[in-house]
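Peer 1: the following block contains a protein sequence and its predicted model.
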Amino acid sequence: MAIATMNSKGQITIPARVRTTLGLRPGDEVEFVELEKGGFAILADKPSVKSLKGMIRKPDTAVSLDDMNAAIAANGAGI
């Protein structure tokens with residue numbers, strides 16, 4: 001069992017074992033999910049793939065599927 005103590009500001013430090021199990025890193029967010037009978041679960045709030053939209057700019061020119069397949073074949077992918 002992992003235990004944390006709340007300080008006067010209402011803050012807690014998540015125990016190292018819990019951070020490791022949840023894969024939490026500095027800056028990550030956690031979600032508190034209410035369970036039955038007043039209990040809560042702590043979940044790592046990992047961003048969805050949809051949140052990545054727009055991170056990479058569109059290429060200046062479109063690349064055809066044939067061009068992509070040729071590039072893959074030329075670089076030994078599929079080995």
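Peer 2: The structure has been received and is ready for your questions. Residues are numbered from 1 along each chain as shown.
Peer 1: and residue 68, what element?
Peer 2: Using DSSP states H and E, residue 68 maps to helix 65-74.
Peer 1: could you do residue 42 as well?
Peer 2: Here residue 42 sits within strand 40-44, counting by DSSP H and E.
Peer 1: mind checking how far residue 59 is from residue 34?
Peer 2: Applying CB to CB, to the nearest Å, the value for residue 59 to residue 34 is 45 Å. The way it works is simple: take the backbone N, C-alpha and C, and place the C-beta from them, glycine included.
Peer 1: related to what we said a few turns ago, the strand holding residue 42 packs against which elements?
Peer 2: helix 16-22, strand 30-34 (3 or more CB pairs under 8 Å, 6 or more residues apart in numbering; DSSP states H and E).
Peer 1: show me what the first one is in contact with.
Peer 2: I take that to be helix 16-22. Residues from elsewhere that reach helix 16-22 (CB atoms under 8 Å, 6 or more residues apart in numbering): 2, 24, 30, 42-44.
Peer 1: and those residues, which is closest to residue 76?
Peer 2: residue 44 (36.4 Å; CB to CB).
Peer 1: that closest one and residue 27 touch, don't they?
Peer 2: No - at 12.0 Å, residue 44 does not count as touching residue 27 under the criterion of CB atoms under 8 Å.
Peer 1: residues in contact with the residue nearest the centre of the chain?
Peer 2: Central residue of the chain (CA atoms, centre = their mean): residue 46, 3.3 Å from the mean position. Residues counted as contacts of residue 46 (CB under 8 Å, 6+ apart) are 23, 28.
Peer 1: ok, the nearest residue to residue 13 once chain neighbours are set aside - contacts?
Peer 2: Distances taken as CB to CB, 6 or more residues apart in numbering put residue 4 closest to residue 13, at 5.9 Å, once the chain neighbours are dropped. Going by CB under 8 Å, 6+ apart, residue 4 touches 12-15.
Peer 1: confidence score at residue 59?
Peer 2: Per-residue confidence (pLDDT) for residue 59: 79.
Peer 1: and it, that's in a helix?
Peer 2: No - read with DSSP: H, G, I helix; E, B strand; the rest coil, residue 59 is coil and lies in no helix.
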